[in-house]
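K.L.:
one predicted model, sequence on top.
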Amino acid sequence: MRGFWRGFAVFMTGGVLGTAFGVALGFFLFPYVFPPPPAAEQLTEADRSALVAGGTFIHANPSDPIHWGRGKVSVYEKTVFLESDFEVGPGPKYHVYLVPKTSVRTNADMNGVMFVDLGRLRAFKGSQRYPIPAGVNLRDYPSVIIWCEQFGVLISPADLKAAN
């Protein structure tokens, strides 16, 4: 009888650990298997004020195949606009930040930096617009980055160049 209970305990432990591993793997793979549709937002006339700056998202760490981005970003007086060629690798809780620092290339570059959170990324691909809060001086923010809040990881930075 003792062997039965021991076998039952091993069976139950394996079942619980297997289920936990399967759920964790499912959470990780879900955005890759079922990605959300691309965004296709347009700028409104109110958003299309004077173009202040523009830039291109880059793959900051080429040895990291998971955290990457590409595409253009345009910054207007009241709006940050991710252009139609924008794309990042999928993941949880990505946010769009205005950052008062140039050449952000690692997670450590964000230590102690006060940024403006423009909101959660709505899609991993396609055009999107994010309103800039009133009172933000865009000259003080030479970078736009995509940041994973859940894990504190830099996904993709874009250095901005002033529009002529």
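P.N.:
Alright, I've got the coordinates.
K.L.:
show me how far the lengthiest strand in the chain is from its chain's centre.
P.N.:
The longest strand of the chain (DSSP state E) is strand 153-162. In terms of CA atoms, centre = their mean, to the nearest Å, the centre of strand 153-162 is set 11 Å apart from its chain centre.
K.L.:
name the residues of it that are buried.
P.N.:
Within strand 153-162, the residues scored as buried using 16 or more other CB atoms under 10 Å are V153, L154, I155, S156, P157, A158, D159, L160. (Glycine included, C-beta is placed from N, CA and C.)
K.L.:
so what strands line up beside that strand?
P.N.:
Strands that pair with strand 153-162, judged by DSSP bridges, come out as strand 51-57 (antiparallel), strand 143-148 (antiparallel).
K.L.:
can you give the domain ranges for the protein?
P.N.:
For the chain, automatic domain parsing gives the domain ranges 1-34, 39-162.
K.L.:
which two in the buried residues of strand 153-162 are spaced the farthest apart?
P.N.:
V153 and L160 (21.3 Å; CB to CB).
K.L.:
got the contact list for the helix or strand of the chain with the lowest mean pLDDT?
P.N.:
None of the helices or strands of the chain scores lower by mean pLDDT, DSSP states H and E than strand 39-40, at a mean of 72. Contacting residues not belonging to strand 39-40 are listed as L82, S84, R122, A123, K125, G126, S127, Q128 [CB atoms under 8 Å, 6 or more residues apart in numbering].
K.L.:
give me the local confidence score for T44.
P.N.:
Predicted confidence (pLDDT) at T44: the value is 71.
K.L.:
low-confidence stretches in the chain?
P.N.:
Applying pLDDT under 70 to the chain flags the ranges 25-38, 45-48.
K.L.:
residue ranges of the strands in it, please?
P.N.:
Listed in chain order, the strands found in the chain under DSSP E are 39-40, 51-57, 69-76, 79-82, 87-88, 94-99, 116-120, 126-131, 143-148, 153-162.
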